[in-house]
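Participant: Sequence and predicted structure are below.
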Amino acid sequence: MNEWAAGRHLAAIYESFYRALGEGAPRVTNDAFVVRLHEASRTFGELALELRGDDEMDEPLVATLIEQSVREDATGALTLYALATLLGPRLLVTLRDYLDAESDEARRALMEHGSDLVVAEIWAAGRSLAAATVPDDPAWSRSARDISDTLDRAGMVDSLGHRP
């Protein structure tokens, strides 16, 4: 895995989701969101284990934004929103870009499996949010916009980056 740059990059992203969602889950106040965040963390942990090499790493911006979302909205709604609409879709584009460039079938299978699980987590986060009352607060909206703007400024307008 160490020689596979895409695999290292994806492992770092997955590890960041796994760690930040898992650490954030117990700190949110909405019980349904606690469960959803733990389940999402577990999924990303599974993906991280599939790709983890000798050197454990993370994607600092992803982890920072998830941690920020937990701090700014104790209910957990902002974190699920970020997963479903800001981070998850960008991760799917990253996976698609790597898939387009990859010819090795085993690696492609790992990325396709990752894509399937990310889509499932996006849907699950969306269902959780739809079943709950999301804060109707301008500060919440600004926080969501700040996450999006931070990703854009970091050059992650459409994806979480690509490392050939």
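Facilitator: Yes, it's here. Residues are numbered from 1 along each chain as shown.
Participant: remind me, longest helix of the chain?
Facilitator: Scanning the chain for the longest helix, with DSSP state H as the assignment, gives helix 105-130.
Participant: For this structure, give me the ranges with low pLDDT.
Facilitator: Within the chain, the ranges that satisfy pLDDT under 70 run 1-2, 54-56, 163-164.
Participant: and M57, how many neighbours?
Facilitator: M57 has 14 neighbours, counted by other C-beta atoms under 10 Å. Every C-beta, even on glycine, is put in place using the N, C-alpha and C of the backbone.
Participant: same question but for G155, I mixed them up
Facilitator: 9.
Participant: residues contacting it?
Facilitator: G161 (C-beta atoms under 8 Å, 6 or more residues apart in numbering).
Participant: separation between it and P138?
Facilitator: 28 Å (C-beta to C-beta, to the nearest Å).
Participant: So which elements touch the longest helix of the chain?
Facilitator: Secondary-structure packing of helix 105-130 (3 or more C-beta pairs under 8 Å, 6 or more residues apart in numbering; DSSP states H and E): helix 5-24, helix 31-51, helix 77-81, helix 88-101.
Participant: what does stretch 106-125 rub up against?
Facilitator: By C-beta under 8 Å, 6+ apart, stretch 106-125 touches 4, 6-7, 10, 14, 36, 39-40, 43-44, 46-47, 50-51, 80-81, 83-84, 88-89, 91-92, 95-96, 98-99, 102.
Participant: Now do the buried residues in that stretch.
Facilitator: Across stretch 106-125, burial judged by 16 or more other C-beta atoms under 10 Å covers 107, 110-111, 114-115, 117-118, 121-122, 124-125.
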